[in-house]
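In: Just the structure for this:
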Amino acid sequence: MSRVRLTISHLGPKGDGIAEGTKGPIFLERTAPGDEVEADIFRDDKGVIRGEVKEFFTLSPLRSTPPCPHYEACGNCTLQHLSIEFYQSWKRNLVKDALLKWHLKPKTWLPPLFLKGHNRRRATFSLTRKRGKLVMGYYQRRSKIISPIPTCEIALPDLIELKNWIEPFLSPLVKEGQNIDLFIQKIGDSFELVFSGLSSLPKMIGDELASLSPIGRISLKTERGIQVLIQKKKLIAKFGPLKVALPPAAFLQPTEEGEKALVRAVLQALKPNQGALADLFSGAGTFSGPLLSFGEVTAFESNPHAIQALKEAGKNERLTALRRDLFLQPLSSKEINRFDAVIFDPPRAGCLEQAKEMARSHCPLLIGVSCNPATFARDSHHLIRGGYQLESLQLVDQFLWSHHVEVVGVFTKQRR
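Out: Numbering: from 1, shown residues only. Got it, this is the predicted structure:
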């Protein structure tokens, strides 16, 4: 380690402040452009040069007082120290820079949507025992230390209330030095719990948790998959006309507001009686359900539990749900040509091979949803090379105070 004085010039794509050092860029978390700091410099296990701030000499005018009392101890919400004006500007530029790298520019930038806090309906808490006392909360940033988090500025208040309510019940589960994780997700008016890091859940603790009325399902995640231990009722998610009984730990958009915003952005690009619609990487039907108002929908998803839940929910609808791994077996351009519009919402890694097939197709309308502007821009580059036009793009920020952000892009092509 060496201690040096540095000035932060800008933020990197993951929100770390960057200062120029003699051997290249130095990344310092929780800093802002204009900060002058003294920091210890080191290389992390990936070879990245990082700095640990020891003292601030000058504070940037772009800073703000973090609203969360746990900001220093919690590894989440790493951008709370930024003013809201600068934070939102940085996120807009994050998207623009990702597109610029691939020489992309939408015809229309739709107004960005920035959501507020206290709306996250899913969270994973870590539990350990330290000096005989249970600790339940979040990991500190780049650390294996767990900090207790009794309040949270981004999660739903009733999710945090439930977490604090059940914490005493969980104390017998954790031995000294042991770590386990608990995923909590709100579905409708109920919550599901999924434990990881346990070989079993003692019956007495399971029964105590199940006796609490908000808890609808308790599961255990192991190397063999997810085992449902207690199911008091089906946990139903409503997607348009569909009422989907979600499988354990099913993917939902992290906020209900964000889900509505993304669905709205997709639907406003469609016309009444659009025709045959494809929903790629459909999950349990976030977009498939609302799309049914515009035509017949074919959903493609690799997760067998999600696609089975979607099949059962869509029995009496104009919906076909097919299990297909679009990374290993992307739809061919000929298959895509059968549709009048295709919606694709891949994981963070994007869908490069599927994008290449879409680029070769003559489908008149493609709508892409992505939580990673970098892979979205990479995949969009192939669509543009294939003759598509990027008509519009909208930023939806449901990941408050993080470097993550969602985009919805609309592409058109003249059909032969």
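In: mind listing what's buried in stretch 338-345?
Out: Neighbour-count burial for stretch 338-345 flags 339, 340, 341, 342, 343, 344, 345 (criterion: 16 or more other C-beta atoms under 10 Å). Yep, even glycine has a C-beta here, placed from its N, CA and C like the rest.
In: oh, I was asking about stretch 253-267
Out: Within stretch 253-267, judged by 16+ other C-beta under 10 Å, the buried ones are 253-259, 261-263, 265-267.
In: just stretch 321-336 next, same as before
Out: 321, 324, 326, 330, 331, 333, 336.
In: could I have the helix or strand containing the first one exported to PDB, CA atoms only?
Out: Read that as residue 321. Secondary structure from DSSP states H and E places residue 321 in strand 319-323. Only the C-alpha atoms of strand 319-323 are listed here, as PDB (Å, rounded to 0.1, in the frame of the first residue of the first chain):
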ATOM      1  CA  LEU A 319     -51.200 -17.600 -25.200                       C
ATOM      2  CA  THR A 320     -48.700 -20.300 -26.200                       C
ATOM      3  CA  ALA A 321     -45.900 -20.900 -23.700                       C
ATOM      4  CA  LEU A 322     -42.900 -22.800 -24.900                       C
ATOM      5  CA  ARG A 323     -39.800 -23.900 -23.000                       C
END
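In: Please identify the pairing partners of that strand and their relative orientation?
Out: Strand pairing for strand 319-323, determined by DSSP bridges: strand 297-301 (parallel).
In: Show me what the next helix-or-strand element following the partner strand is packed up against.
Out: As assigned by DSSP H and E, the chain's next helix or strand after strand 297-301 is helix 304-313. For helix 304-313, the packing partners by 3 or more C-beta pairs under 8 Å, 6 or more residues apart in numbering; DSSP states H and E come out as strand 242-245, strand 297-301, strand 319-323.
In: Of the ones you listed, flag the one that's most buried.
Out: Of all the helices and strands packed on helix 304-313, strand 297-301 has the most neighbours on average by mean count of other C-beta atoms under 10 Å, namely a mean of 26.
In: Just list the residues touching the residue lying closest to residue 17 once chain neighbours are set aside, thanks.
Out: Nearest-residue entry for residue 17: residue 31, 3.2 Å, with adjacent residues in sequence omitted and distances by C-beta to C-beta, 6 or more residues apart in numbering. Contact analysis of residue 31 by C-beta atoms under 8 Å, 6 or more residues apart in numbering lists 8, 16, 17, 37, 53, 60, 81.
In: Quick check: bridge partners of the third one?
Out: So that's residue 17. The partner residues for residue 17, given DSSP bridges, come to residue 11, residue 28.
In: how many other residues sit next to it?
Out: Using other C-beta atoms under 10 Å, the number of residues around residue 17 comes to 27.
In: Can you check the pLDDT for it?
Out: According to the prediction, residue 17 has pLDDT 97.
In: any idea how far it is from residue 8?
Out: Distance, residue 17 to residue 8, using C-beta to C-beta, to the nearest Å: 4 Å.
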